[in-house]
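Chemist: okay, here's the prediction I keep looking at, along with the sequence it came from:
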Amino acid sequence: MIVVRMVAEQVAEPEEKIVFLGAINADNRLVPGEWMGYLIEDYDGPQKYPCVLVTDSDGARFDFCGWESWSDADPAAPYPTNVFEKALQVGEYFTITDKDEGDLTYRITSLSPVA
(Lines give C-alpha, C1' and ligand atoms only; values in the text may rest on other atoms or scores of the structure.)
Protein backbone atom coordinates (compact mmCIF):
# COMPACT_ATOMS: atom_id res chain seq x y z
CA MET A 1 0.00 0.00 0.00
CA ILE A 2 1.08 3.53 -0.80
CA VAL A 3 -0.36 6.66 0.84
CA VAL A 4 -1.11 9.43 -1.66
CA ARG A 5 -2.24 13.03 -1.53
CA MET A 6 -4.99 13.68 -4.06
CA VAL A 7 -6.30 17.01 -5.30
CA ALA A 8 -9.47 17.14 -7.40
CA GLU A 9 -11.38 20.16 -8.69
CA GLN A 10 -15.07 20.40 -9.40
CA VAL A 11 -15.61 20.47 -13.15
CA ALA A 12 -18.46 23.01 -13.14
CA GLU A 13 -16.87 25.25 -10.49
CA PRO A 14 -13.06 24.89 -10.44
CA GLU A 15 -12.98 27.24 -7.43
CA GLU A 16 -13.95 24.17 -5.39
CA LYS A 17 -11.24 21.60 -4.72
CA ILE A 18 -11.02 18.51 -2.55
CA VAL A 19 -7.71 17.47 -1.02
CA PHE A 20 -7.27 14.23 0.94
CA LEU A 21 -4.81 11.55 1.94
CA GLY A 22 -5.57 7.89 1.30
CA ALA A 23 -3.89 4.54 0.87
CA ILE A 24 -4.11 2.87 -2.54
CA ASN A 25 -3.61 -0.75 -3.49
CA ALA A 26 -1.68 -2.21 -6.45
CA ASP A 27 -4.62 -1.33 -8.78
CA ASN A 28 -4.50 2.37 -7.71
CA ARG A 29 -7.84 2.05 -5.93
CA LEU A 30 -8.47 3.48 -2.49
CA VAL A 31 -8.23 0.96 0.32
CA PRO A 32 -11.50 0.85 2.31
CA GLY A 33 -11.38 2.80 5.54
CA GLU A 34 -11.46 6.41 6.70
CA TRP A 35 -9.27 9.04 5.02
CA MET A 36 -8.87 12.64 6.13
CA GLY A 37 -9.17 15.65 3.88
CA TYR A 38 -10.74 19.02 3.30
CA LEU A 39 -12.73 21.01 0.76
CA ILE A 40 -11.38 24.37 -0.40
CA GLU A 41 -13.72 27.00 -1.81
CA ASP A 42 -12.11 30.11 -3.26
CA TYR A 43 -14.85 32.50 -4.32
CA ASP A 44 -14.19 35.50 -2.05
CA GLY A 45 -11.01 34.14 -0.47
CA PRO A 46 -10.19 30.58 0.47
CA GLN A 47 -12.43 28.73 2.92
CA LYS A 48 -11.58 25.22 4.15
CA TYR A 49 -14.05 22.62 5.39
CA PRO A 50 -12.72 19.38 6.92
CA CYS A 51 -14.02 16.05 5.70
CA VAL A 52 -13.55 12.33 6.13
CA LEU A 53 -13.74 10.01 3.14
CA VAL A 54 -15.36 6.80 4.43
CA THR A 55 -16.37 3.41 3.14
CA ASP A 56 -18.21 1.11 5.53
CA SER A 57 -21.45 -0.87 5.79
CA ASP A 58 -23.39 2.36 5.00
CA GLY A 59 -21.54 2.82 1.68
CA ALA A 60 -18.92 5.22 0.37
CA ARG A 61 -19.24 8.88 1.25
CA PHE A 62 -17.56 12.13 2.12
CA ASP A 63 -18.59 13.35 5.58
CA PHE A 64 -18.22 17.14 5.30
CA CYS A 65 -18.19 19.30 8.42
CA GLY A 66 -19.86 22.67 7.93
CA TRP A 67 -20.24 22.45 4.15
CA GLU A 68 -24.03 22.41 4.09
CA SER A 69 -24.61 25.11 6.71
CA TRP A 70 -21.34 27.04 6.33
CA SER A 71 -20.71 26.62 10.05
CA ASP A 72 -17.74 24.65 11.36
CA ALA A 73 -19.76 23.84 14.48
CA ASP A 74 -22.29 21.68 12.60
CA PRO A 75 -21.96 17.90 12.55
CA ALA A 76 -20.66 16.17 9.44
CA ALA A 77 -23.19 15.74 6.64
CA PRO A 78 -22.79 12.63 4.41
CA TYR A 79 -22.40 12.96 0.64
CA PRO A 80 -22.27 9.67 -1.32
CA THR A 81 -19.36 9.23 -3.75
CA ASN A 82 -18.09 6.72 -6.29
CA VAL A 83 -14.38 7.54 -5.77
CA PHE A 84 -13.70 4.10 -4.23
CA GLU A 85 -14.85 2.50 -7.52
CA LYS A 86 -12.22 4.34 -9.59
CA ALA A 87 -8.56 3.71 -10.27
CA LEU A 88 -6.99 6.95 -9.04
CA GLN A 89 -4.98 8.73 -11.70
CA VAL A 90 -4.63 12.31 -12.90
CA GLY A 91 -7.50 13.12 -15.26
CA GLU A 92 -9.91 10.54 -13.77
CA TYR A 93 -13.40 11.73 -12.80
CA PHE A 94 -15.57 10.85 -9.81
CA THR A 95 -18.83 12.19 -8.40
CA ILE A 96 -20.14 13.37 -5.08
CA THR A 97 -23.91 13.46 -4.67
CA ASP A 98 -25.33 16.59 -3.10
CA LYS A 99 -28.98 16.17 -2.07
CA ASP A 100 -29.80 19.67 -3.39
CA GLU A 101 -27.65 19.90 -6.53
CA GLY A 102 -27.44 16.24 -7.60
CA ASP A 103 -24.15 14.79 -8.81
CA LEU A 104 -21.11 17.07 -8.63
CA THR A 105 -18.30 15.91 -10.91
CA TYR A 106 -14.67 16.24 -9.84
CA ARG A 107 -11.50 15.68 -11.90
CA ILE A 108 -8.27 14.54 -10.27
CA THR A 109 -5.63 17.20 -10.96
CA SER A 110 -2.80 15.96 -8.75
CA LEU A 111 -1.84 12.63 -7.22
CA SER A 112 1.43 12.30 -5.35
CA PRO A 113 2.91 9.78 -2.91
CA VAL A 114 3.36 10.91 0.67
CA ALA A 115 6.74 10.14 2.19
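Modeler: Sure, I can see it.

Chemist: what is the burial count for residue 32?
Modeler: Residue 32: 13 surrounding residues under other Cβ atoms under 10 Å. To be clear about C-beta, it is placed using only N, CA and C from the backbone, and glycine gets the same treatment.

Chemist: doesn't residue 59 make contact with it?
Modeler: No: contact criterion Cβ atoms under 8 Å: residue 32 and residue 59 do not qualify, at 11.0 Å.

Chemist: how about low-confidence regions in the protein?
Modeler: 65-76 (pLDDT under 70).

Chemist: now do the contacts for residue 87.
Modeler: Shown in contact with residue 87 (Cβ atoms under 8 Å, 6 or more residues apart in numbering): 27, 28, 29.

Chemist: let's verify it: helix, strand, or coil?
Modeler: coil (DSSP: H, G, I helix; E, B strand; the rest coil).

Chemist: hey, what's residue 112 bridged with?
Modeler: residue 5 (DSSP bridges).

Chemist: any idea how many residues pack against it?
Modeler: Burial measure for residue 112: 10 neighbouring residues, criterion other Cβ under 10 Å.
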